[in-house]
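Chemist: next comes the sequence, and after it the predicted model I'd like to discuss.
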Amino acid sequence: MPALLWAVQSARMQSAEPEICSDKQAAWLVDVPYRIALVVMFVAAMTVAVYHRWQARTAEKFDRREEGLLLAVALRLSGLWMWLATLVYLIRPSAVSWASLPLPEWLRWSGAAVGAAGAWMMYWTLSKLGRNLTDTVATRQDATLVTSGPYHFVRHPFYVTAALLILAATLLSANWLILAGGVAAMVLLIARTPTEEQRLIETFGEPYREYMARTGRFLPRLGR
């Protein structure tokens, strides 16, 4: 009798295992299209960013303490938070499923369009910025004032680009953990902007003040 009970239990367990595996595979496959779209978006954006940073490299050294030690550390940690959350979602979405957002399918797929716009903005912005590109508030010794391309419409198109990519990642992943890291990074970038603009005023003087007067910081000024 014990042997019979053991055999019945084993049979039940063996029959349940395929169902469990099937459920896990189905759960993993649900987000595959969104994850593929997210990978494509980030590969495109990062390829553009890395290429232009490489093109703009020089032996010039920058003092990153100008942006404030606390702000600099917090900004990089928030960026790391978003990148790690996104990486975990791409590799093992079930690990961050507790932070899922109940977004409809059409809204999630709109993230692909937003991501394409963000990748294009990345190219447009960095190609116009050229060798002026830095990763801090400091300006290069031979910096030139760029007011064409996306800089004709807003003074900080790179931050607009970052906002688009964060929004795209949030929509495609439907995950508020990624959103939280991105929002934290954007808040810190916005907080850093006045310091950055003060450096630009010190470098370019009155031409930059005139540029500020006619061009919005993050949004275009209508009628100008």
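Modeler: Yep, that arrived. Residues are numbered from 1 along each chain as shown.
Chemist: which residue ranges form the helices in the protein?
Modeler: With DSSP state H, the ranges of helices along the chain come out as 2-30, 32-55, 69-91, 105-129, 157-173, 176-204, 206-214.
Chemist: other SSEs contacting the fourth one?
Modeler: If I follow you right, that is helix 105-129. With contacts defined as 3 or more Cβ pairs under 8 Å, 6 or more residues apart in numbering; DSSP states H and E, helix 105-129 has these neighbours: helix 32-55, helix 157-173. Heads up, the C-betas are built off the backbone N, CA and C, glycines and all.
Chemist: list the helices and strands the last one packs on?
Modeler: Helix 157-173 makes packing contacts with helix 32-55, helix 69-91, helix 105-129, helix 176-204 when contacts are defined by 3+ Cβ pairs under 8 Å, 6+ apart.
Chemist: make CSV from those helices and add mean neighbour count, distance to residue 146 and mean pLDDT to it.
Modeler: Formatted as CSV, those follow (neighbours: other Cβ atoms under 10 Å; distance: least, Cβ to Cβ, whole Å; pLDDT from 0 to 100):
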stretch, mean neighbour count, distance to residue 146, mean pLDDT
helix 32-55, 16, 13, 93
helix 69-91, 16, 23, 91
helix 105-129, 18, 6, 95
helix 176-204, 18, 10, 93
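Chemist: now the nearest residue to residue 123 once chain neighbours are set aside: how far from residue 169?
Modeler: Leaving aside its chain neighbours, residue 123 sits nearest to residue 48 (4.8 Å; criterion: Cβ to Cβ, 6 or more residues apart in numbering). In this structure, residue 48 and residue 169 are 16 Å apart, going by Cβ to Cβ, to the nearest Å.
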